[in-house]
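Engineer: Based on what follows, work out the 3D shape:
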Amino acid sequence: MYAILILSAGLAVFAATNLLGGSGFLAVFIAGILIGNHKVRSTEHVMRVMDSFAWLSQAVLFGVLGLLVTPSNVLE
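Structural biologist: Model (predicted):
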């Protein structure tokens with residue numbers, strides 16, 4: 001459950017910072033650094049889950065970018 005808690009906290013930090021007019025990406029980056037420096041019992045499990053989320057995100061990004069390519073426009 002720690003991984004889901006961290007993921008939802010990141011989304012909450014991003015949303016709250018954007019509502020206040022700040023940079024959500026910078027806020028999530030700083031929050032990630034702060035959370036990542038704390039050692040807890042389930043650090044290994046959380047790292048495995050987050051690594052899986054990263055691989056899934058990369059696969060989705062690859063698919064979305066592939067859908068944006070039009071072969072007829074590539075030749076131009």
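Engineer: Contact partners for residue 29?
Structural biologist: By Cβ atoms under 8 Å, 6 or more residues apart in numbering, the contact list for residue 29 is empty. C-betas here are computed from N, CA, C, even on glycine.
Engineer: any idea how far it lies from residue 61?
Structural biologist: For residue 29, the distance to residue 61 (Cβ to Cβ, to the nearest Å) stands at 18 Å.
Engineer: What's the local residue count around residue 35?
Structural biologist: Applying other Cβ atoms under 10 Å, we find 14 other residues in the vicinity of residue 35.
Engineer: My read is that it contacts residue 6, right?
Structural biologist: Yes: under the criterion of Cβ atoms under 8 Å, residue 35 makes contact with residue 6 at 6.4 Å.
Engineer: okay, and for the chain, where does confidence drop off?
Structural biologist: Of all residues in the chain, none has pLDDT under 70.
Engineer: What separation is there between residue 35 and residue 72?
Structural biologist: 46 Å.
Engineer: Please apply the same query to residue 37.
Structural biologist: From residue 37 to residue 72 the distance is 50 Å (Cβ to Cβ).
Engineer: ok, now residue 30?
Structural biologist: From residue 30 over to residue 72 (counting by Cβ to Cβ), the distance is 44 Å.
Engineer: swap in residue 44?
Structural biologist: Taken as Cβ to Cβ, the span from residue 44 to residue 72 is 49 Å.
Engineer: Just the element for the spatially most central residue of the chain, please.
Structural biologist: Centroid-nearest residue in the chain, with Cα atoms, centre = their mean: residue 54, separated by 7.1 Å. Element membership of residue 54, judged by DSSP states H and E, is helix 43-68.
Engineer: Right, I'll leave it there.
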